[in-house]
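[1] sequence and predicted structure, then a few things I'm wondering about:
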Amino acid sequence: MASFIKDLMRQYDEAHPHADPRTRHWLLVEDSPWPVWILTILYLVCVFVGPRIMRDRKPFSLQYFMVVYNLGLVVLSLYMFAELILSAYNASYDFQCAVYNKDSISNPKELRVAKVLWWYFFSKAIELLDTVCMIARKKFDQITFLHVFHHASMLNIWWWTLMFIPGGMSWFGSCMNCLVHVVMYLYYGLSAIPSLRNKLWWKRYITRFQLLQFCVTFTHTVNSIRVGCEFPRWGQNLLAGYMVVMLILFGNFYMQAYIKQASRSKKLASEANGHHAPARDTSRTKAE
């Protein structure tokens, strides 16, 4: 672990001269990865220790907090989605290739893009509370590898983005994610209201929307590489690679949660019907 951190710091020291001078001292960027690393370590400690602390305790309801928290993230995500589109348009970004280079960062229109990207980065820190709430409510089955990996990795990836490439092509993937989060946190907020919980039928479509997001972002990123977009290649490779990882993890989740579960439920229902049905009806069902 010590050698891993040492290697990361060496890479950071080599990259540091290329940091964006506008954002490097902003809150939680702090010209150092340590604040985000410490926050990530605390998050992981909470993930492993929290369920043990709550094991013999009653779950907290948090009903009102969950409504306010989730709907607050809907508002924030909607603002970021709209502002990313408006600021990208204002900066005259080309849809296929939004350029980022040292000559453009003095442009106030680019600063507007950087500011909303900081809000997006900061929202990843806020969203760590998703897991804290799961622990407090004893929803331990929801704290999967996918959930923890996604939350921890997004915070760290976006620290690097804010530190080194807070503009250009960075706008597109974050914009897509904000749109998905509007729908996702709206569902979570409404599902926290008991009278509405059983009326929400579109949960499975959220995962489909997420998978579509990953496909679109991956395609957009690969196309930017194809056309030779003037954007740091490591950033393009990181985003494309991360989209592949997300497609695999979320795709597996969708298969397990919906497709295989539906198949198992159908099989159990069929077996139950076969068990209780009269002999002539059973044989007729098999023939059909």
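    Ah, there it is. Numbers count the residues shown, from 1 in each chain.
[2] the nearest residue to Ala15 once chain neighbours are set aside and Trp158: what is the separation?
    Counting by CB to CB, 6 or more residues apart in numbering, the nearest residue to Ala15 once its immediate chain neighbours are dropped is Phe164, at 6.6 Å. For every residue, glycine as well, the C-beta is placed using N, CA and C. Phe164 is 11 Å from Trp158, where distance means CB to CB, to the nearest Å.
[3] what's the burial count for the residue nearest to Ala15?
    19 (other CB atoms under 10 Å).
[4] quick one, strands of the stretch 1-150 of the chain?
    Read by DSSP state E, counting those that start in this stretch, the stretch 1-150 of the chain holds no strands at all.
[5] in this structure, which helix has the most residues?
    helix 63-90 (DSSP state H).
[6] so which elements touch that helix?
    Packing partners of helix 63-90 (3 or more CB pairs under 8 Å, 6 or more residues apart in numbering; DSSP states H and E): helix 108-126, helix 129-136, helix 170-191.
[7] can I get stretch 124-139 in CSV, CA atoms only?
    The C-alpha coordinates for stretch 124-139 follow below in CSV (Å, rounded to 0.1, in the frame of the first residue of the first chain):
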residue,chain,number,x,y,z
LYS,A,124,-19.5,13.4,-6.1
ALA,A,125,-18.4,14.2,-2.5
ILE,A,126,-22.0,14.9,-1.5
GLU,A,127,-23.2,11.6,-3.0
LEU,A,128,-21.0,9.7,-0.6
LEU,A,129,-23.9,10.2,1.8
ASP,A,130,-25.9,7.7,-0.3
THR,A,131,-23.9,5.0,1.4
VAL,A,132,-24.0,6.5,4.8
CYS,A,133,-27.8,6.6,4.6
MET,A,134,-27.9,2.9,3.5
ILE,A,135,-25.8,2.0,6.6
ALA,A,136,-28.0,4.1,8.9
ARG,A,137,-31.1,2.5,7.5
LYS,A,138,-29.5,-1.0,7.6
LYS,A,139,-29.9,-1.5,3.8
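[8] residues making contact with it?
    Stretch 124-139 is contacted from outside by 28, 39, 43, 46-47, 50-51, 54, 59-62, 65-66, 69, 73, 76, 140, 142-143, 147-148, 151, 154-155, 158, using CB atoms under 8 Å, 6 or more residues apart in numbering.
[9] one more pass at 7 Å, please.
    Contact with stretch 124-139 is made by 28, 39, 43, 46-47, 50-51, 54, 59-60, 62, 66, 69, 142-143, 147-148, 151, 154-155, 158, as judged by CB atoms under 7 Å, 6 or more residues apart in numbering.
[10] just the buried residues of those.
    The neighbour count (16 or more other CB atoms under 10 Å) marks 28, 39, 43, 47, 50, 54, 66, 69, 143, 147, 151, 154-155, 158 as buried among those.
[11] quick one: which of those is nearest to Thr219?
    Met154 (20.1 Å; CB to CB).
[12] contacts only, for the closest one.
    Lys124.
[13] let's see it at 10 Å
    By CB atoms under 10 Å, 6 or more residues apart in numbering, Met154 lies in contact with Tyr120, Phe121, Ser123, Lys124, Ala125, Glu127, Leu128, Asn177, Tyr242, Met246.
[14] please, which helix or strand holds it?
    For Met154, the element it lies in under DSSP states H and E is helix 145-164.
[15] report the angle between that helix and helix 129-136.
    Angle of helix 145-164 versus helix 129-136, following axes from the mean of the first three to the mean of the last three CA atoms, to 10 degrees, is 150 degrees.
[16] for Met243, which non-adjacent residue is spatially closest?
    Phe218 (3.9 Å).
[17] got a pLDDT number for that neighbour?
    Looking at Phe218, its pLDDT stands at 98.
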